[in-house]
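In: have a look; sequence and predicted model below, questions after that.
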Amino acid sequence: MHEYSIASSLLQLAEEHARKHEARRVARLCVAVGELAGVEVPLLATAWSLVRERSLCDGVDLDVRRVPAVWSCVGCEAEIPAGGLLVCGRCGGRARLAQGDELILERIEMEVTGHV
């Protein structure tokens, strides 16, 4: 289950940034997961609930934004519908994946102590 290693990496990144900014805790973690990223979101959520315990992210749910797969033509950049031939209906060009394979830590919200 590679979702556990992904969750561990997310925790490590969140804690590094929180410590850098002298945060008391992480309040929210937002992640974009592409449809073709090979990540099972329910498994990632379960793994996250295990790794976050006794950390600066304890009790924080993972806010996941699912990103659909979008194909486009390499020639004319027209969007190519998924589920069919990956060839452009307009110019005959081949398709490329424009989005949908990403796994991005988009935002970390933290509670930071004020300095006097």
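Out: Perfect, I can see it now. Remember, it's a predicted structure, so these values are computed and weren't measured experimentally.
In: from here on, contacts and neighbour counts on C-alpha atoms
Out: Fine.
In: max-length strand in this structure?
Out: Counting by DSSP state E, the longest strand found in the chain is strand 23-34.
In: where exactly do the strands run in this protein?
Out: 23-34, 62-67, 70-73, 79-80, 95-99, 103-112.
In: do you know which of the ones you listed lies nearest Pro42?
Out: Relative to Pro42, the nearest member of these by Cα to Cα is strand 62-67, separated by 10.1 Å.
In: rewinding a little: format the strands of the chain as a markdown table; extra columns: mean neighbour count.
Out: Converted to a markdown table, those look like this (neighbours: other Cα atoms under 10 Å):
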| stretch | mean neighbour count |
| --- | --- |
| strand 23-34 | 19 |
| strand 62-67 | 16 |
| strand 70-73 | 21 |
| strand 79-80 | 20 |
| strand 95-99 | 17 |
| strand 103-112 | 15 |
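In: any chance of these in CSV, plus distance to Ser55 and mean pLDDT?
Out: Formatted as CSV, the entries for these read as follows, by distance: least, Cα to Cα, whole Å; pLDDT from 0 to 100:
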stretch, distance to Ser55, mean pLDDT
strand 23-34, 8, 96
strand 62-67, 14, 97
strand 70-73, 36, 96
strand 79-80, 43, 93
strand 95-99, 32, 95
strand 103-112, 13, 95
